[in-house]
Structures are given as C-alpha cells and as structure tokens.
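*Asks:* structure for this input, please:
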Amino acid sequence: MERERWVAHEIVLLDTGQVGAALAELRTHKGRGKKRVRQLLKYLTRFHDALSHDEIREAGLPVGSGEVESAHRAIPQKRLKLPGAWWRPDNLNKMLGLRVLRANGWWGESWKNAA
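*Replies:* As a prediction, this is how the structure comes out:
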C-alpha cells in the first residue's frame with residue numbers, strides 16, 4: 001500500500017510538470033527497489049524535456065496515450081511493410097516522413113510550404 005501511494009505521488013509530480021521535484025525525490029530514495037528507482041531516474045533525467053505533460057495537454061496533444069504509444073503500428077509498421085516493398089537505409093526516414101504527412105492529412109499543406 002505504501003509503494004502504491006509513493007508511485008501515485010511521483011506520477012502526480014511528473015504529470016503536473018514538477019519534474020525537478022520528482023527527480024530530487026528519486027535521487028534520495030533509500031527504500032526497497034533502489035536499483036529500479038535508479039533506472040527510472042536515469043530514464044527520466046534523459047527524457048525530462050518530454051515530461052511537461054501539463055503544457056502538452058494545453059496544446060491539445062495526447063500524453064502517453066494508446067494513440068501515442070501505438071503510433072508505430074499505424075505508420076512505420078503498416079505503411080512501410082507493404083507487400084513487395086523494400087527500402088534502403090539512406091531513404092527510409094525520407095519515405096517515412098512522406099507517409100506521416102499523408103497519414104496526418106498534411107500532404108497538401110506540406111507542398112504549399114515547399115514551394
């Protein structure tokens with residue numbers, strides 16, 4: 001029960017943009033699971049700039065939802081693994097970019113900006 005409260009508290013800190021406070025608490029953690037907390041601390045430190053969930057929500061963007069987490073199946077997996085299709089490493093990212101533009105309905109807008 002104590003662990004669940006601690007985890008819930010850390011999630012609230014991260015979710016409300018208090019990343020610094022969450023990282024400070026993780027740095028001082030001395031209880032069970034020290035190794036896992038250290039791994040989490042490394043991960044959150046590395047990606048701290050992507051944790052401004054309150055700002056992301058205000059911009060109307062999804063935060064870690066199934067929509068975001070499963071996006072790799074909708075674009076790269078399905079659209080680049082077409083029957084008979086093959087891609088060279090030097091043009092894969094360019095092709096993926098075009099597929100993302102089309103999937104998001106930004107194709108026309110992209111061409112207007114390119115001109």
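*Asks:* outside of stretch 7-15, which residues touch it?
*Replies:* Val19, Ala21, Ala22, Glu25, Leu26, Leu44, Leu51, His53, Asp54 (CB atoms under 8 Å, 6 or more residues apart in numbering). Backbone N, C-alpha and C define where each C-beta goes, glycine included.
*Asks:* so what pLDDT did the closest residue to Met95 other than its chain neighbours get?
*Replies:* In space, and not counting its chain neighbours, Met95 is closest to Trp87: 5.9 Å by CB to CB, 6 or more residues apart in numbering. Per-residue confidence (pLDDT) for Trp87: 76.
*Asks:* then Ala50?
*Replies:* On pLDDT, Ala50 comes in at 74.
*Asks:* give me the number of residues near it?
*Replies:* 12 (other CB atoms under 10 Å).
*Asks:* equivalent analysis for His53, please.
*Replies:* Neighbour count for His53, taken as other CB under 10 Å: 17.
*Asks:* ok, it touching Ala22?
*Replies:* No - applying CB atoms under 8 Å as the test, His53 and Ala22 come out as separate, 11.5 Å apart.
*Asks:* which of the helices and strands in this structure ranks last by mean pLDDT?
*Replies:* When the helices and strands of the chain are scored by mean pLDDT, DSSP states H and E, helix 66-69 comes last with a mean of 62.
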